[in-house]
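Chemist: A structural model of the following input is requested.
(2 chains)
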Amino acid sequence: MRIGDAKQTYLADEAIWTSSTQKAWFTLLLVALLGFPFLANPYLLYLGCLVGIAIISTTGLNILTGYTGLISLGQAGFMGVGAYTVAWLSLHTALPFPVTLLAAGLVAAAVGVLVGLPSLRVKGLYLAIATLAASVFLHFIFAEWKSVTGGMEGLSLRPAHLFGLEFRSDFAMYFIIVPLAILALFCAKNLFRTRVGRAFIAIRDRDISAEILGIPLLKYKLMSFALSSFYAGVAGGLFAYFYRVVTPESFPLSMSIFYLAAVIVGGMGNLLGGILGAAFMTLVPEALKLLTAAMTPFWPDAPVFMSPMLEIIFGALIVGFLIFEPHGLAEIWRRIRRFFHLWPFRS
Amino acid sequence: MNILEIRQLSLSFGGVHALQNVSFHVPKDTITTVIGPNGAGKTSLFNCISGFYRPQQGDILYEGESLKGIKPPKRAALGLARTFQNIALFRGMTVLDNIKLGAHVHMKTGLLGALAYYGPARREEMAIREEVERRIIDFLEIDHIRRQPVASLPYGLQKRVELARALAMRPKVLMLDEPVAGMNREEKEDMARFILDLREEWDITVLMVEHDMSMVMDISDHIAVLNFGQVITEGVPQDVQKNPEVIKAYLGNSDIDDLRKRLNPDREAA
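Modeler: Take a look at the predicted model:
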């Protein structure tokens, strides 16, 4: 049962953590995240980094699709822009990674604004098609602008570096990716405590009355596109540093769908949903592979049967979540929380 | 002095003339009501004033200046606020966030400030929160629901939250589109009291569309009657009530005594 958390100032009332229990849990989470790379095996560490990158990009798409209501199939394209920016800068300059990642975000944001321009006129599925066109177009540029992108062979880049330190291993990259993911989430959380975030949600819920209430639609839609692509660009930049090679095939259209699915499965318009969705989409296919491996001793043919089944099972899981939990994984979490808030009086 | 002046406004959609040569004025610090049968063009008129429709002819003067070419968000910033006939709250937000959204045009925080939520951005949020709490939530007696998502509220309260959001816009002219439609008697009385208080204490000019005649006649200072997109008459409630044209427009019936009673329930009761 949660009691005694009345506040005396509005500031305390609008804080992100409103109880000492929440703060304690969050500290515990930070400690766990800090300890994780020291205890985890290389495979788990690799997955941890992937989840971190996915969380940044999913949060970005969540801002655009979940909070502003603009469906985008361009997320992989924006990540590609960020990745190529980082790769190019790493090959042609000696800039440290904070600068290159910032540049990646800014270039992606600029491209995002361009792609977002039709959003004043087209909505819903039509906008999805417009962004789809943009992502095909970007893919074409990645493959054909050979002097910059290296064509189909792509670019190999040097490891991320800062003050002479090189971030070569997954272990080192973890300490870039996870803090950035946390920063990205905090920024997004802040955003939705202010007028800009409220304007985004208003546009999603009722764009016409939002305009009459004083929100210039194009400005805020473009702002949402810019911010979302900034997140994608940074995630793409991290992706480039993580794999240290970028090719046009690194960012296929299916990746855009992957992120859209992460937003929907996690819970649209919910930051926690973005985290859970990104983790779900990244980890479940891996878990299914592990499951297959675990079954092999008892059923030698398991890999033969299971490997084509994995995609189907994964798809079925997504469909299942959409049917049984249309508000996403975040809703399950909310229910668990409420149970403990009310416990032991009502469950 | 007239805070709002509608001059020969005409609006048509294809062959349908929603408004034809509509002229009337809204005196400052009054409650002015536009009445008329369904489809008379009342909401179209509101949409023209909000800037959502662009009339083909005519002009709207606000504080003596033409509103022509001014986009809806700018009009909101100038002090024109409104509520909607079919409640237009943002369902994904809490009551408090909905109201704070109304203050959007009076705030400055940009994207970077919002992401950092520090310094000026945070101070501005706190100032708005305090204003909303002290002036609006207290006044409209909705403190018990401030944390609730609006979708879960009963109809009458949703209407009240919508009024709260419009008040957060610090309006000079508040346009209310059917503020008491679908409410029970008690809720109507509350709403009528709030509207009167707005004129008395908040110095807001109210422009209202409403079908509830007893309320319209009770609280309006000035009434304009619209039928088939045209103004039939305007004036004080007593005169409008007696106007045979109005009675005819409302019921298309020649039994004027009967209709007079229906337009004037007080006399009916007496």
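Chemist: C-alpha from now on. contacts and neighbour counts both.
Modeler: Noted.
Chemist: ok, is stretch A:42-58 in contact with chain B or not?
Modeler: No - counting by C-alpha under 8 Å from any C-alpha of the partner chain, chain B is not contacted by stretch A:42-58; separation bottoms out at 14.6 Å.
Chemist: contacts for that stretch?
Modeler: A:36-37, A:75, A:79, A:170-171, A:173-174, A:177-178, A:180-181, A:184-185, A:228, A:231-232, A:234-236, A:238-239, A:259-260, A:262-263, A:274-275, A:277-279, A:282-283 (C-alpha atoms under 8 Å, 6 or more residues apart in numbering or on different chains).
Chemist: what about stretch B:38-46, average pLDDT?
Modeler: Averaging the model's pLDDT scores along stretch B:38-46 yields 88.
Chemist: First-to-last residue distance for that stretch?
Modeler: This stretch, stretch B:38-46, spans 14 Å end to end (C-alpha to C-alpha, to the nearest Å).
Chemist: Report the buried residues of that stretch.
Modeler: By neighbour count with 16 or more other C-alpha atoms under 10 Å in any protein chain shown, stretch B:38-46 contains the buried residues B:Ala40, B:Gly41, B:Lys42, B:Thr43, B:Ser44, B:Leu45, B:Phe46.
Chemist: do the same with stretch A:29-45
Modeler: A:Leu33, A:Phe36, A:Pro37, A:Leu45.
Chemist: Chain B: which of these is nearest?
Modeler: A:Leu33 (23.1 Å; C-alpha to the nearest C-alpha).
Chemist: Can you say which helix or strand has the closest one in it?
Modeler: In this structure, A:Leu33 sits in helix A:20-39 according to DSSP states H and E.
Chemist: Is there proximity between stretch B:110-123 and chain A?
Modeler: Yes - part of stretch B:110-123 sits near chain A under the criterion C-alpha under 8 Å from any C-alpha, namely B:Gly110, B:Leu111, B:Ala114, B:Leu115, B:Ala116, B:Tyr117, B:Ala121.
Chemist: Using JSON lines, lay out these together with secondary structure, neighbour count and pLDDT.
Modeler: Listed next are those as JSON lines, based on DSSP: H, G, I helix; E, B strand; the rest coil; neighbours: other C-alpha atoms under 10 Å in any protein chain shown; pLDDT from 0 to 100:
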{"residue": "B:Gly110", "secondary structure": "coil", "neighbour count": "14", "pLDDT": "87"}
{"residue": "B:Leu111", "secondary structure": "helix", "neighbour count": "19", "pLDDT": "88"}
{"residue": "B:Ala114", "secondary structure": "helix", "neighbour count": "24", "pLDDT": "88"}
{"residue": "B:Leu115", "secondary structure": "helix", "neighbour count": "24", "pLDDT": "89"}
{"residue": "B:Ala116", "secondary structure": "helix", "neighbour count": "16", "pLDDT": "88"}
{"residue": "B:Tyr117", "secondary structure": "coil", "neighbour count": "23", "pLDDT": "88"}
{"residue": "B:Ala121", "secondary structure": "helix", "neighbour count": "22", "pLDDT": "88"}
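Chemist: how about the residue in the stretch 51-200 of chain B that chain A sits nearest to, what does it touch?
Modeler: The minimum distance from the stretch 51-200 of chain B to chain A, using C-alpha to the nearest C-alpha, falls at B:Pro73 (3.6 Å). When contacts are counted by C-alpha under 8 Å, 6+ apart, B:Pro73 touches A:Glu211, A:Ile212, A:Leu213, A:Gly214, A:Ile215, A:Pro216, B:Val105.
Chemist: Test my guess that the second one contacts B:Ala76.
Modeler: Yes - contact criterion C-alpha atoms under 8 Å: A:Ile212 and B:Ala76 qualify, at 6.5 Å.
Chemist: quick revisit: put the buried members of the contacts of stretch A:42-58 into a PyMOL selection.
Modeler: Applying 16+ other C-alpha under 10 Å to the contacts of stretch A:42-58, the buried members can be selected in PyMOL as follows:
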select buried, chain A and resi 36+37+75+79+170+171+173+174+177+178+180+181+184+185+228+231+232+234+235+236+238+239+259+260+262+263+274+275+277+278+279+282+283
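Chemist: Among the contacts of stretch A:42-58, which lie within helices?
Modeler: Secondary structure assignment by DSSP state H places A:36-37, A:75, A:79, A:170-171, A:173-174, A:177-178, A:180-181, A:184-185, A:228, A:231-232, A:234-236, A:238-239, A:259-260, A:262-263, A:274-275, A:277-279, A:282-283 of the contacts of stretch A:42-58 in helices.
Chemist: what's the closest non-adjacent residue to the one residue in the stretch 151-300 of chain A that gets nearest to chain B?
Modeler: With C-alpha to the nearest C-alpha as the measure, A:Gly214 is the residue of the stretch 151-300 of chain A nearest to chain B, at 3.6 Å. Closest residue to A:Gly214 apart from its sequence neighbours, by C-alpha to C-alpha, 6 or more residues apart in numbering or on different chains: B:Pro73 at 3.6 Å.
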